[in-house]
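take a look and give me a structure for this.
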Amino acid sequence: MCGVNCRDQMSYYSPLRTRLQWYRKVVLHFIDMALENAYILYRKKGGNKQPAWFRAEVIHDLLKIDSIDKTAPLARAYFSHRSSDSLRLEGRHFLEHIPGSAQRPHRARRCVVCSSQGRRRESSYHCVVCLSKPALCVVPCNRIYHTEEDFSKS
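Numbers count the residues shown, from 1 in each chain. Now for the predicted structure:
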């Protein structure tokens, strides 16, 4: 009995940190324990991957997802405003007023084109067609962003 409890080492991946009803916590606790026990057996059989990878593989196997590229990087939380957003150069784009809230009725964000050129200018309009919903000045940044491949040099 001179060992370390593996359950304590894997508490970082616990789903019980969120606020849930008690019965959901119990179910998630049992699923979490089953995953940790399966990972321990995987390690004893000679596996050398990280727990996060193992959990992702179990999820993929349970959901029967075959078309996922496992070498692709994880999705980023924010979209890039660079030329990788190729849809910004195609089609028709429309600016809309950035919706406000009760606390801030007149919302504004930094213009993407002005920021890339080192100027600090805020705009209350954004493109609703582009995936990243970039804030843009009406004139001339909207035209520059949607027509030029490298908008930072204009």
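
for the biggest helix by length in the chain, what is the distance to the chain centroid?
When the chain is parsed with DSSP state H, its longest helix is helix 22-44. Its chain's C-alpha centre and that of helix 22-44 lie 25 Å apart, by C-alpha atoms, centre = their mean, to the nearest Å.

which parts of the helix or strand that it is followed by are buried?
Downstream of helix 22-44, the next assigned helix or strand under DSSP states H and E is helix 51-63. By neighbour count on 16 or more other C-beta atoms under 10 Å, the buried set for helix 51-63 is Pro51, Phe54, Arg55, Val58. (Each C-beta comes from the backbone N, C-alpha and C, glycine too.)

can you give me the strands for the chain?
In the chain, the strands defined using DSSP state E lie at 95-97, 109-110, 122-123, 125-127.

now for the longest helix of the chain, which elements pack on it?
Helices and strands touching helix 22-44, by 3 or more C-beta pairs under 8 Å, 6 or more residues apart in numbering; DSSP states H and E, are helix 6-9, helix 51-63.

among those helices, which gets the worst mean confidence?
Lowest mean pLDDT within the helices and strands packed on helix 22-44: helix 6-9, a mean of 58.

for burial, what's the neighbour tally of the residue lying closest to Arg92 once chain neighbours are set aside?
The spatial neighbour of Arg92 that comes closest, neighbours along the chain excluded (C-beta to C-beta, 6 or more residues apart in numbering), is Val129 at 7.3 Å. When neighbours are counted by other C-beta atoms under 10 Å, Val129 registers 15.

list the contacts for Val129?
Counting by C-beta atoms under 8 Å, 6 or more residues apart in numbering, Val129 makes contact with Leu87, Gly91, Arg92, His93, Phe94.
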